[in-house]
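S.K.: please find the sequence and the predicted model below.
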Amino acid sequence: MSNESSPGRRPVRVGALAAALTAALALLCCTGGAGAFFLTELGGEAAELIDPVSMECTGDFEVDVTGKMPRFSDYGEPQMRNAAVIIKVGQEMKVPPRGWVVAVATAMQESRLLNLANRTVAESQDIPNEGVGADHDSVGLFQQRASWGTVRQRMDPEYASRKFYEKLVDVPDWEKLPLTVAAQRVQISAFPDAYAKHEELASRIVDALAGGAARTALIAGEQVCDAAASGDIAASGWTAPIPGGVGSGFRTASRPAHNGVDIAAPKGTVLRVAATGRVIVSRCDPDRRGRLSCDVDGWPGKGGCGWFVDVLHAQGIITRYCHLASRPLVSVGDTVQAGDQIGVVGSSGQSSGPHLHYEVHVDSDRSSRGAIDPVPFMKSKGAPLKGAG
């Protein structure tokens, strides 16, 4: 297994990384694709979002829209009640939980989960509202325009949610699309990449209101709790990178500098990216003597991560994949979707046998300072690492 937790001994400053990403993402500014969203409000809610979800995935997803509501960050009871209505309508329409996450995240961006009127409606005092949004004809939780229905209809949270879902399920393969792409196909927004930054908190809200539903994956036609792996994606948008079991853990007493976990798997096992993101590193990590010798199996004490990949996700989360058997299948700048293959498991670098060394970092910090324990993090996403408690 790996004896070196981080590659290259070349810490990258967050500012430099952000500048480099800004330049790279500028190339995609006019495409409306997923690649341009990742630097929008990095941090922000992230400190709260990295906490593991405490609620177990119960499989009981019925939502109570009238009971006491939980509170999240700046989202109070009225907003949570609106989120509950959005989820309830999705349930009634038999939209899978991934759709609930997309819908809640979209309403977070469009209205902060408030039923907003425009100025004309608010001044008329004819229709109850929870604040004033834009001055044009957009109203309601999703800021829907006149073509979506009458003002009174669009100001009804149930009607607005139903119209959103009707358009969402008509998008081909919407379940497999990055959240920001799926939402934009419905909303046709002037800010197409703004939705993704809400995915983490939207998943937590869905979990809290619907019994851990964001931690389920659709497998063989059934929503299964905490089982996202082998290309199956949880409603949270995450999957386990390989279906192996954790051996060496995160910063153990015997290996306090081990900034990730080692997941055992045969050489050649398909390695998948854990969530939608953008590749920021894809290369051979030098060994202790500065040699680029990743095309051969490594050994204990050799040093280096071997062939490895770093991927930047929304909210400044970075995942790292070390000891690939051969050159990664992705390059710096590539946008990858959750479950895409990025390489195969191997034993390059400092390694005593085939396995994946997997790390999770926060705050866009690739150094050891940004590393967190992947085990509770992945469990909170419904994609637990096997063999981990």
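M.R.: Alright, I've got the coordinates.
S.K.: quick one: the helices in the stretch 251-389 of the chain, in order.
M.R.: 374-380 (DSSP state H, counting those that start in this stretch).
S.K.: quick one: the strands in it?
M.R.: Residue ranges of the strands in the stretch 251-389 of the chain, as given by DSSP state E, counting those that start in this stretch, are 261-264, 270-272, 277-284, 307-312, 318-324, 335-336, 341-344, 355-361, 371-372.
S.K.: would you turn those strands into JSON lines with distance to residue 86?
M.R.: Backbone N, C-alpha and C define where each C-beta goes, glycine included. Putting the strands of the stretch 251-389 of the chain into JSON lines (distance: least, Cβ to Cβ, whole Å) gives the following:
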{"stretch": "strand 261-264", "distance to residue 86": "35"}
{"stretch": "strand 270-272", "distance to residue 86": "30"}
{"stretch": "strand 277-284", "distance to residue 86": "26"}
{"stretch": "strand 307-312", "distance to residue 86": "29"}
{"stretch": "strand 318-324", "distance to residue 86": "29"}
{"stretch": "strand 335-336", "distance to residue 86": "28"}
{"stretch": "strand 341-344", "distance to residue 86": "33"}
{"stretch": "strand 355-361", "distance to residue 86": "29"}
{"stretch": "strand 371-372", "distance to residue 86": "30"}
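S.K.: right, so of those strands, which gets closest to residue 378?
M.R.: Taking Cβ to Cβ, strand 355-361 is the member of those nearest to residue 378, at 7.5 Å.
S.K.: strand 318-324 and that closest one, what's the angle between them?
M.R.: 160 degrees (axes from the mean of the first three to the mean of the last three Cα atoms, to 10 degrees).
S.K.: now for strand 355-361, which elements pack on it?
M.R.: With contacts taken as 3 or more Cβ pairs under 8 Å, 6 or more residues apart in numbering; DSSP states H and E, strand 355-361 sits against strand 261-264, strand 318-324, strand 371-372, helix 374-380.
S.K.: can you give me the end-to-end distance of stretch 158-177?
M.R.: 25 Å (Cα to Cα, to the nearest Å).
S.K.: over to stretch 285-292?
M.R.: 7 Å.
S.K.: mind listing what's buried along it?
M.R.: 285, 286, 287 (16 or more other Cβ atoms under 10 Å).
S.K.: any stretches of the stretch 101-250 of the chain with poor pLDDT?
M.R.: Flagging of the stretch 101-250 of the chain using pLDDT under 70 yields the residue ranges 134-135.
S.K.: helices of that one, start to end?
M.R.: According to DSSP H, counting those that start in this stretch, the helices that the stretch 101-250 of the chain contains are 119-124, 151-154, 157-168, 179-187, 199-209.
S.K.: what's the most buried one of these?
M.R.: helix 199-209 (a mean of 27; mean count of other Cβ atoms under 10 Å).
S.K.: do you know how far the residue nearest to residue 354 when sequence neighbours are not counted is from residue 180?
M.R.: Closest residue in space to residue 354, ignoring its immediate chain neighbours: residue 267 at 4.0 Å, by Cβ to Cβ, 6 or more residues apart in numbering. Using Cβ to Cβ, to the nearest Å, one gets 36 Å for the distance from residue 267 to residue 180.
S.K.: outline the domain layout of the protein.
M.R.: Using automatic domain parsing, the domain parsing of the chain gives 61-210, 236-380.
S.K.: gap between the last one and the chain center?
M.R.: For domain 236-380, the gap between its own C-alpha mean and the chain's C-alpha mean amounts to 17 Å (Cα atoms, centre = their mean, to the nearest Å).
S.K.: end-to-end on stretch 334-347?
M.R.: Stretch 334-347: ends 24 Å apart by Cα to Cα.
S.K.: check which residues of that stretch are buried.
M.R.: 334-340, 342-347.
S.K.: what is the nearest of the residues you listed to residue 246?
M.R.: Among these, residue 345 lies closest to residue 246 (Cβ to Cβ), at 14.0 Å.
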